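Undergrad: missing the sequence, but the structure's below:
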């Protein structure tokens, strides 16, 4: 098993443990691949809910650019909701898990 496969299994376990979700492994794999080499870097593989610029990047680069959504307060509300569900004090919020949850929330699986 290579490193990416190990991470995908870890992300699926995180979705099950934290959110009670049995991950769509095909979608999870595609999102993981879409994140590229950032998944291997400790800093870029996670999302900081206390860093406004990082949350703005999630909105601009992922929700608007990747998923093709229009900018609106709903995007910020959805990010905040997921950060709250993940646990704002939880220091390890995996980017792939956040992107997976946002993709499912907005019903944009077809992008992948």
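TA: Thanks, I have the structure now. Note that the structure is predicted; figures quoted are calculated from it, not measured. Residues are numbered from 1 along each chain as shown.

Undergrad: State the distance from the closest residue to residue 40 other than its chain neighbours to residue 45.
TA: Excluding the flanking residues, the one nearest residue 40 by CB to CB, 6 or more residues apart in numbering is residue 3, at 6.9 Å. For the C-beta atoms, the positions are set from N, CA and C on the backbone; glycine is no exception. Distance of residue 3 to residue 45, given as CB to CB, to the nearest Å: 12 Å.

Undergrad: So between the two, which is more surrounded?
TA: residue 45 (18 against 9; other CB atoms under 10 Å).

Undergrad: Using the three-state scheme, assign the closest residue to that one other than its chain neighbours.
TA: Spatially, and ignoring its direct neighbours in sequence, residue 45 is nearest to residue 39 (5.1 Å; CB to CB, 6+ apart). Classification of residue 39 using DSSP: H, G, I helix; E, B strand; the rest coil returns helix.

Undergrad: Tell me how many other residues surround residue 39.
TA: Neighbour tally, residue 39, other CB under 10 Å: 21.
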